[in-house]
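# Quick one, what's the 3D model for this:
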Amino acid sequence: MKAFVYALLIPAFAPTSAESRSPVDAPARVATQLRRSTETAGYVVDILELPEAHPGGPPLDVGGFDFFPDGRLALGTAGGDVWVAHGIDSDVIQWWRFATGLRGVTGLKVVGGGVYVASREGIVRLRDPDTGGGWDSPAVAKNGIPPLGGVLSDLEADAAGNLYSAAGKVPVKKGDASGRASSEGAVLRFRADGSGWDAFFTGNHAPTGIALSPNGALTYAERGAVWAPGAEIEWAPTSVPENAQAPGAKPLGRGDTPLCWIPSQWADSAGGLARVPSEGWGPWKDQLLLFRDGNTALLGLLREEVRGRVQGGLLAFPLRFPGGIQRGRFNPADGQLYVSGRSVSSSGGLRSSWLQRVRYTGGALLMPVEFRAERKGVTLRFGCDLDTETAADPGHYRLEILHEAPHGALAAGTGSPRETSPEGAGSGPRKLPPDRITVGVQRVLRVESVSVGTDDKSVFLEVPDFQPSLRMRLSYRLRTVEGLELRGELFPTVHALGESD
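Residues are numbered from 1 along each chain as shown. Got it, this is the predicted structure:
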């Protein structure tokens with residue numbers, strides 16, 4: 001008996017009729033290998049082989065994935081299939097395809113035992129079968145959604161069962177006397193009862209990733225435009241501002257105080273967000289991870305809250321991947337991070353998908369794991385024991401206030417990241433090559449002295465006249481107690497200063 005149920009909940013475009021879809025009477029079953037890393041670093045990368053899209057062909061093109069509570073993996077592809085994997089931590093992983101015929105998966109979320117899929121036709125619900133999939137005559141339920149100028153990106157859910165996704169173009173009412181609507185990027189909430197949708201964080205170039213905390217706080221990252229700097233990670237204390245869509249009210253827009261800025265080398269690409277849910281992945285519990293498909297780095301956001309103001313610093317993990325990371329999820333069964341992305345061939349043509357696990361071993365971490373902005377300076381705590389001689393030398397640190405803007409505006413000494421358009425933009429923004437975005441050093445802050453903590457992991461940088469700033473860069477060049485090189489950069493946004501210990 002077929003236990004698969006399909007429902008098109010929220011069509012963004014005219015859906016393919018149920019009758020024209022090809023049922024999966026005999027789902028494909030495939031076995032692949034898990035290749036465990038033999039390295040001994042604090043974080044290591046294991047490789048999970050993906051099934052082939054067709055015999056002899058490339059691996060599946062991953063569009064989104066998530067985990068069931070028991071650790072099984074649900075994975076959707078750009079080709080419109082959904083696969084389930086058993087034994088994800090075994091040497092041999094068993095896959096079966098239990099859905100097909102979707103129009104390109106761009107996000108996937110497991111909610112209450114069911115699989116919700118964001119695709120080019122809206123949001124689809126797949127109910128988890130006990131055995132192989134397939135369907136006979138699926139029921140199709142249509143609810144309203146605005147006409148989108150682009151596809152949905154990423155998919156999340158809150159405790160009440162509401163779904164969240166990002167869209168590049170949504171018609172949003174301006175809230176002025178004209179009553180006109182503009183086409184803006186926004187985060188969409190689809191209500192669990194099917195009664196409709198809401199738009200939050202409007203006015204963005206392109207929101208691409210969403211993360212929700214257990215208390216309902218919503219965070220999203222945006223993709224920067226090639227002509228304008230200033231991509232940011234935004235935060236709201238609640239994911240459900242009930243009055244945001246009241247009659248005549250303007251939807252919740254882009255904030256004036258972002259959680260953190262995204263440097264230009266990471267801004268002009270898309271990707272997702274993930275919150276670290278437990279201590280099973282080391283000292284990053286409740287912090288955020290950022291994925292960007294335009295580079296091979298895994299990014300972490302060291303977040304803090306000072307007198308109700310949320311701020312943080314972005315940095316790259318000392319790990320490398322085959323290509324840019326698009327999506328990441330934590331497996332509730334093993335507590336580890338799984339990431340997917342695409343690699344590009346040496347010719348720049350073939351883009352091959354991959355799936356890997358970032359596993360915490362309990363070893364030392366050669367990176368900061370805590371950042372605090374204080375009235376007299378900055379505190380950093382590392383995930384390893386420091387060589388105290390180099391750590392106590394102010395010459396091994398550099399703290400800068402940055403100005404990131406289009407090259408011409410920066411050279412002229414103007415150009416607020418929120419206000420500047422490219423030279424000669426005329427009536428609207430004009431796209432410029434990415435290399436026209438320039439990071440300039442507005443001011444170098446003097447590190448007066450450095451105090452090393454009694455744990456040999458923490459340092460306090462005394463900085464005279466330290467003040468909040470939207471864009472900063474903190475560089476360090478140290479050594480561990482074992483003599484290993486420890487160097488990197490942290491890009492903080494500071495809105496408020498805490499009290500120094």
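
# and residue 467, what are its phi and psi?
Here is the backbone geometry of residue 467 (degrees, to the nearest 10): phi -130, psi 160.

# May I have the predicted confidence score for it?
For residue 467, the pLDDT comes out at 94.

# same deal with residue 199?
78.

# Likewise for residue 287?
The model reports residue 287 with a pLDDT of 95.

# State the distance from the spatially closest residue to residue 484 that is not a sequence neighbour to residue 61.
The shortest distance from residue 484 to any non-neighbouring residue, by C-beta to C-beta, 6 or more residues apart in numbering, is to residue 366 (6.6 Å). For the C-beta atoms, the positions are set from N, CA and C on the backbone; glycine is no exception. Applying C-beta to C-beta, to the nearest Å, the value for residue 366 to residue 61 is 33 Å.

# Who are the contact partners of the residue nearest to residue 484?
The neighbours of residue 366, taking C-beta atoms under 8 Å, 6 or more residues apart in numbering as the test, are 41, 42, 318, 382, 383, 384, 480, 484, 486.

# element containing the last one, please.
Secondary-structure element containing residue 486, defined by DSSP states H and E: strand 485-493.

# One more: the third one?
Of the helices and strands defined by DSSP H and E, none includes residue 318.

# leaving aside the residues next to it on the chain, what's closest to it?
residue 366 (5.5 Å).

# next one: the fourth one
For residue 382, the nearest residue in space outside its immediate sequence neighbours is residue 457; the separation is 5.1 Å by C-beta to C-beta, 6+ apart.

# so how many other residues sit close to the residue nearest to residue 337 when sequence neighbours are not counted?
Closest residue to residue 337 apart from its sequence neighbours, by C-beta to C-beta, 6+ apart: residue 358 at 4.3 Å. Neighbourhood size, residue 358 [other C-beta atoms under 10 Å]: 22.

# Name the SS class of residue 358, please.
strand (DSSP: H, G, I helix; E, B strand; the rest coil).

# mind listing what's buried in the strand holding residue 486?
In terms of neighbour count (16 or more other C-beta atoms under 10 Å), strand 485-493 has its buried residues at 486, 488, 490, 491, 492, 493.

# do the same with stretch 53-65
In stretch 53-65, counting by 16+ other C-beta under 10 Å, buried: 53, 59, 60, 61, 62, 63, 64, 65.

# and if you look at stretch 214-223?
218, 219, 220, 221, 222, 223.

# Then stretch 109-124?
Of the residues in stretch 109-124, 109-111, 115-124 count as buried by neighbour count, 16+ other C-beta under 10 Å.

# Make TSV out of those and add pLDDT and secondary structure.
Compiled in TSV, those are given as follows (pLDDT from 0 to 100; DSSP: H, G, I helix; E, B strand; the rest coil):
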residue	pLDDT	secondary structure
109	93	strand
110	92	strand
111	89	strand
115	87	strand
116	88	strand
117	88	strand
118	86	strand
119	81	strand
120	74	coil
121	72	coil
122	76	strand
123	82	strand
124	81	strand
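
# Closest to residue 295 out of the residues you listed?
Set against residue 295, the nearest of the buried residues of stretch 109-124 by C-beta to C-beta is residue 118 (23.8 Å).

# ok, now which ones touch the closest one?
64, 105, 106, 107, 108, 151, 152, 153, 154, 155, 165.

# Any of these buried? List them.
By 16+ other C-beta under 10 Å, the contacts of residue 118 give 64, 105, 106, 107, 108, 151, 152, 153, 154, 155, 165 as buried.

# Alright, calling it a day.
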